[in-house]
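Enquirer: Starting from these lines, generate the structure:
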Amino acid sequence: MVHGCKPKEKWRIGTEHEKFGFEFDTLRPINYQQISALLNGIAARFDWDKIMEGDNIMGLKTGNQSISLEYGGQIELSGAPLKTLHQTYDEINSHLYQAKTVAEEMGIGFLGLGFLPKWRQEDIPLVPKVRYDILRNYFNKFGSNGINTLLMTCSIQVNLDFSSEADMINKMRASLALQPLSTALFANSPFKQGVPNGYVSLRSHLLGQDDICRNGMLPFAFHDTFGFEQFIDYALDVPMVFIYRKNRYIACGGMSFRDFMAGKLPAFQGQLPTLRDWENHLSTIYPEVRLRRYMEMRGADVVPQSMLCAPPAFWVGLLYDEVSLHNVLDMIADWTTEDRQYLRNQVPFTGLKTLFQGRLLQHVAEDVLKWAKAGLERRCLNESIFLDPLIEVVGTGMTPADKLLEMYNKKWGSNIDPVFRECCY
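Expert: Take a look at the predicted model:
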């Protein structure tokens, strides 16, 4: 992780976003055969390289971008590390143009919601990937919440750099404390099986309900001793899910990576891990902010196309500007572990209407959004325009979830089907 430190001039912006594919005629989730045809079509028409597992296509790659499949067939763009938010905007829109060009000819649309709004878990076609079979078996231990998180959720993730261990610590603390605020601003998963589910972000709620040692707010990041070593110690003790050997994924039975380093994995007695094993292990850990050779902000539901640049704009404005970053650190200085966990637990229910330290979270968001905008303006790249959707959200108090619930109750007459049109990319 120390090798991830980069001078400021080399800091980049990475954005990953997922979406559900559905049939226009039936509104049902697309199956793997349709996904395969879609990926093959994109590869042929737009010159992407195929990523295969045996005879099955599992994704596409070109340059530093990739398109991958998540557990329930969600299609994810993992964007390239880019210098500006304008490049992020161009990348997102180019990807959606290519995907929609092929998909619409197949009668397929893409849904931008944090939780699949109509269908049940058993309606979700599975991706024939051995790694995902192992993960599903592992998360079965945590009941339906764990499996629903894998199969029925979509998020947007922002990846940012740090210059040193001290810079990482500041950014880690600021971003962890503000992940619930990000969840509130981008809340977009208010439906389940055709009706309101009682949350504005069901995705966020579910993510906090399964494997608690694999998820969460990482309270140790706020201890005086926190640094690279402490995060590694945490990750070493998280139970492993699988290792990859000789083109096979092999379940690990919940042993820790620390056990692996000691040569104690039952099926691999005496064998020691590789760096690839460590990277694979980190990919199965899902805290609100994940530390690798960069930092991954993981709190937001996926949002409408008009808002897809707002999450990276929000975090770049706060974390890539020293003044804005220290404004956040000053604000959260007296937040306790209980305060941060309260926000994490409560925000999926009440979003910006959450009462926190005597005021609504909406009003906290007003301050933070001003800092994010000022941080972007100091970059002198005309990037603050990408915060415009959030300025509307904070000004009205209406998140994407709130708008959808209002339409469901009034305009749609309590019928969920129009959401597929409303939230189609």
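
Enquirer: Could you give me the buried positions within the helix or strand hosting L404?
Expert: Under the criterion of DSSP states H and E, L404 resides in helix 400-409. Applying a neighbour-count criterion of 16 or more other CB atoms under 10 Å, one finds 400-405, 408 buried in helix 400-409. No exception for glycine: its C-beta is placed from N, CA and C like everyone else's.

Enquirer: same thing with stretch 127-139?
Expert: Those would be 127, 129-136, 138-139, for stretch 127-139 by 16+ other CB under 10 Å.

Enquirer: mind putting the buried residues of helix 400-409 in CSV, pLDDT included?
Expert: As requested, those are exported to CSV (pLDDT from 0 to 100):
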residue, pLDDT
P400, 98
A401, 98
D402, 98
K403, 98
L404, 98
L405, 98
Y408, 98
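
Enquirer: Name the nearest of the residues you listed relative to G254.
Expert: Nearest to G254 among the buried residues of helix 400-409 is A401, at 35.1 Å by CB to CB.

Enquirer: Quick check: the gap between the closest one and L376.
Expert: 25 Å (CB to CB, to the nearest Å).

Enquirer: So for the longest strand along the chain, mean pLDDT?
Expert: The strand spanning the most residues in the chain, taking DSSP state E as the definition, is strand 13-23. Strand 13-23 shows a mean pLDDT of 98.

Enquirer: Pretty sure S36 sits against G59.
Expert: No: counting by CB atoms under 8 Å, S36 stays clear of G59, with 11.0 Å between them.

Enquirer: just to revisit the earlier point, out of the buried residues of helix 400-409, give me the two with the largest separation.
Expert: Maximum distance among these (CB to CB): 12.5 Å, for P400 and Y408.

Enquirer: pLDDT weak spots in this structure?
Expert: Confidence mapping of the chain against pLDDT under 70 gives the ranges 143-144, 210-211.

Enquirer: Relative to its centre, which residue of it is most distant?
Expert: G270 (36.0 Å; CA atoms, centre = their mean).

Enquirer: In contact with the closest residue to T399 other than its chain neighbours, which residues?
Expert: Nearest residue to T399, sequence neighbours excluded (CB to CB, 6 or more residues apart in numbering): A187, at 4.4 Å. Neighbouring residues of A187 by CB atoms under 8 Å, 6 or more residues apart in numbering: 114, 200-201, 204, 301, 347-348, 351-352, 399-402.

Enquirer: Which strands or helices does the longest strand of the chain pack on?
Expert: helix 32-46, strand 75-78, helix 85-105, strand 108-111, strand 155-160, helix 310-319 (3 or more CB pairs under 8 Å, 6 or more residues apart in numbering; DSSP states H and E).

Enquirer: which residues does the residue nearest to E53 when sequence neighbours are not counted contact?
Expert: Residue nearest to E53 in three dimensions, not counting chain neighbours: K129, with 6.0 Å by CB to CB, 6+ apart. Listed by CB under 8 Å, 6+ apart, the contact set of K129 reads 53, 56, 58, 69.

Enquirer: Helix, strand, or coil at the third one?
Expert: State at M58, reduced to three classes by DSSP: H, G, I helix; E, B strand; the rest coil: strand.

Enquirer: Please look at it and I67 and confirm they touch.
Expert: No: when contacts are counted by CB under 8 Å, M58 is not listed as touching I67 (9.8 Å).

Enquirer: sorry, back to before: would you turn the contacts of A187 into JSON lines with distance to A262?
Expert: Converted to JSON lines, the contacts of A187 look like this (distance: CB to CB, whole Å):
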{"residue": "G114", "distance to A262": "40"}
{"residue": "V200", "distance to A262": "44"}
{"residue": "S201", "distance to A262": "40"}
{"residue": "S204", "distance to A262": "36"}
{"residue": "D301", "distance to A262": "40"}
{"residue": "V347", "distance to A262": "39"}
{"residue": "P348", "distance to A262": "38"}
{"residue": "G351", "distance to A262": "45"}
{"residue": "L352", "distance to A262": "47"}
{"residue": "T399", "distance to A262": "47"}
{"residue": "P400", "distance to A262": "47"}
{"residue": "A401", "distance to A262": "46"}
{"residue": "D402", "distance to A262": "51"}
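
Enquirer: where along the stretch 201-350 of the chain do the helices fall?
Expert: 202-207, 228-237, 257-261, 275-282, 310-319, 322-332, 337-350 (DSSP state H, counting those that start in this stretch).

Enquirer: Can you tell me which of these is nearest to C5?
Expert: With CB to CB as the measure, helix 228-237 is the member of those nearest C5 (9.5 Å).

Enquirer: Give me the neighbour count for N197.
Expert: 17 (other CB atoms under 10 Å).

Enquirer: Distance check, it against F139.
Expert: Applying CB to CB to N197 and F139 gives a distance of 20 Å.

Enquirer: so who does the nearest residue to E16 once chain neighbours are set aside touch?
Expert: Spatial nearest neighbour of E16, excluding adjacent residues (CB to CB, 6+ apart): Q157 at 4.3 Å. Shown in contact with Q157 (CB under 8 Å, 6+ apart): 15-17, 296-298, 300.

Enquirer: Pull up the gap between Q157 and P125, please.
Expert: 24 Å.

Enquirer: Contact partners for the residue lying closest to E296 once chain neighbours are set aside?
Expert: Spatial nearest neighbour of E296, chain neighbours left out: R290 (4.2 Å); criterion: CB to CB, 6+ apart. Neighbour list for R290: 282, 296, 298 [criterion: CB under 8 Å, 6+ apart].

Enquirer: which one of those residues is nearest L85?
Expert: E296 (17.5 Å).

Enquirer: thought the closest one was touching I156?
Expert: No: the pair E296 / I156 is not scored as a contact, 11.1 Å apart, by CB under 8 Å.

Enquirer: out of the two, which sits in the busier spot?
Expert: I156 (30 against 19).

Enquirer: Not counting its neighbours along the chain, what's nearest the more buried one?
Expert: Take I156 and drop its neighbours on the chain: the residue closest to it by CB to CB, 6+ apart is H17, 4.3 Å away.

Enquirer: looking at it, the one you found is touching N159, isn't it?
Expert: No: contact criterion CB under 8 Å: H17 and N159 do not qualify, at 11.7 Å.

Enquirer: With neighbour numbers in mind, choose between these two.
Expert: A count of neighbours by other CB under 10 Å puts H17 above the other of H17 and N159, at 27 against 22.

Enquirer: Would you quantify the distance from the more buried one to K353?
Expert: Taken as CB to CB, the span from H17 to K353 is 26 Å.

Enquirer: which ones are touching G14?
Expert: G14 sits in contact with 78-82, 158-160, 294, where contact means CB under 8 Å, 6+ apart.

Enquirer: What of F356?
Expert: Contact analysis of F356 by CB under 8 Å, 6+ apart lists 339, 342-343, 364.
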